[in-house]
Structures are given as structure tokens and as C-alpha cells.
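Visitor: quick check, what structure comes out for this input:
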Amino acid sequence: MARAVAGLVGLISGEIIGISTEYFTAHSYSPVRDVVKACETGAATNIIYGLALGNLSTILPIIMIAISAFVSYSLLGLFGVSIAAIGMLGTLPIGLTIDVYGPVSDNAGGIAEMCELGEETRTRTDVLDAAGNTTAAIGKGFAIGSAGLCALAMFGAVITRIQGGDKTNIDITVINPLVFAGLLIGAMLPYAFSAMCMKSVGKAAADMVVEV
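Guide: Got it, this is the predicted structure:
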């Protein structure tokens, strides 16, 4: 039962990471549209807004990885962390299959442009290419999330091997799930606060440009 729960935790965390990635990368949601709107006032506001949203997108995935590591370790130790990583990768084959769609539609758009087809054709291929880019980003989110859990499990395996080899008691607290989760969240906080600051600066700069 504990193994099933650990795998389910990883699966749910991966899905939430995927949904978060889609929200920040799909053209149908406000973050991408905000960046598009920032382009109207110049390159500076565009760069500031893009960096802010990129940093902001790290918050939810890091929290989910930390929760997955803590819950799975509490259930089965480092083996539970490995099971959670496998659960997070459970839907990755589907994501990678859909990811192939992006280059196909992108090449179709290039062929349409080289053949000097109508603007309507290029508009349709651009929409398809945007969908392919979103699926590519979602796949990377799954891979990076599971990599964090695998890193914890592999580090724990190394420490276990060392302790079993020379019978010494090595106190490496980073394999403690609370410490590991705290490290992740602590590393995420500068990105979160800088994202909020840069987003506010970008809004103020855009208003100044419009006013001038």
C-alpha cells in the first residue's frame, strides 16, 4: 500500500507540474499574453516581464517536488523516493509522443513559407507550432522534477554504500527529507521574490512608456 501511495504522490505531482508548465507556456493563458503585451512597449519591458514570469514559474514545481520527496521518504525511505520518481515519469511517454508533433508542424510552417503559400496557411501552422512548443515544455517539467527525486535517491545510495563499507557513522543530513525539501524551497525563494519585483518594475516601465 505504501508503495502505491508513493507512486501516486509522484504521479499527482508530475501532473500538477505539467499543468503549471502549460499555464506559463501556452498562448491561451495570461502569462504568455502578458509577455506579448509587454512587447508593445519595447525590448526592455519585454525582457523584464519574460524574466519575471520565468522565475515565477518555478514556485509550484519546486513545492510539488519538495512535497513528493517528503511524503515518499516518510513512507518508504529512499526506496519510496525512487518509486515517486517513477510515478512522476509515468505519463512521460505520452508527453514525448505528443512532443514529436512540434517539429512536424514547425517544418510544415517552413515549407509553407518557402513555397510562398497564403498568410492563412502560415497562421494555421503557427498555431500548431505553438501547441508543439507547449508540449515540449511540459515534457521537460516532468523530466526535471523526476531528476530532483532521483538525485536524492542516488545520493542516499552513495551514503548507504559508504556507511556499509567502512562501518563508520557518517551524518549527512541532506538525505533527511525535511532538509532536502527546505533546500529546494530556500533555493526557490530568491527566484520568487525577484520575479515579483521584476514584474512590478515591468508594469511600471510599461505604464511610463505609454504615458510618455
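
Visitor: in this protein, where is pLDDT below threshold?
Guide: Applying pLDDT under 70 to the chain picks out residues 102, 162-175, 212.

Visitor: which helix runs longest in it?
Guide: helix 119-166 (DSSP state H).

Visitor: now the following helix or strand past that helix against helix 119-166, angle please.
Guide: Per DSSP states H and E, the first helix or strand lying C-terminal to helix 119-166 is helix 177-211. For helix 177-211 against helix 119-166, the angle by axes from the mean of the first three to the mean of the last three C-alpha atoms, to 10 degrees is 150 degrees.

Visitor: so which elements touch helix 177-211?
Guide: Helix 177-211 is packed against helix 30-38, helix 43-56, helix 59-76, with contacts defined by 3 or more C-beta pairs under 8 Å, 6 or more residues apart in numbering; DSSP states H and E. Every residue, glycine included, has its C-beta placed from N, CA and C.

Visitor: wait, Ile83 sits on Tyr73?
Guide: No: contact between Ile83 and Tyr73 fails when scored by C-beta atoms under 8 Å: they sit 10.6 Å apart.

Visitor: which residue lies nearest the spatial centre of this protein?
Guide: Among the residues of the chain, the one closest to the centroid is Gly141, at 3.6 Å (C-alpha atoms, centre = their mean).

Visitor: how far away is Leu53 from Thr125?
Guide: Using C-beta to C-beta, to the nearest Å, one obtains 25 Å as the distance from Leu53 to Thr125.

Visitor: ok, Glu40 next?
Guide: Taking C-beta to C-beta as the measure, Glu40 falls 24 Å from Thr125.

Visitor: likewise Ile94?
Guide: 23 Å.

Visitor: tell me which of these two has more neighbours.
Guide: Legend: neighbour count by other C-beta atoms under 10 Å for Ile94 and Thr125, higher for Thr125 (19 against 11).

Visitor: next up, the contacts around the more buried one.
Guide: The neighbours of Thr125, taking C-beta atoms under 8 Å, 6 or more residues apart in numbering as the test, are Ser105, Asp106, Ala108, Gly109, Ala112.

Visitor: over to the closest residue to it other than its chain neighbours. Which of the three states is it?
Guide: Excluding the flanking residues, the one nearest Thr125 by C-beta to C-beta, 6 or more residues apart in numbering is Gly109, at 3.5 Å. Using DSSP: H, G, I helix; E, B strand; the rest coil, the structure places Gly109 in helix.
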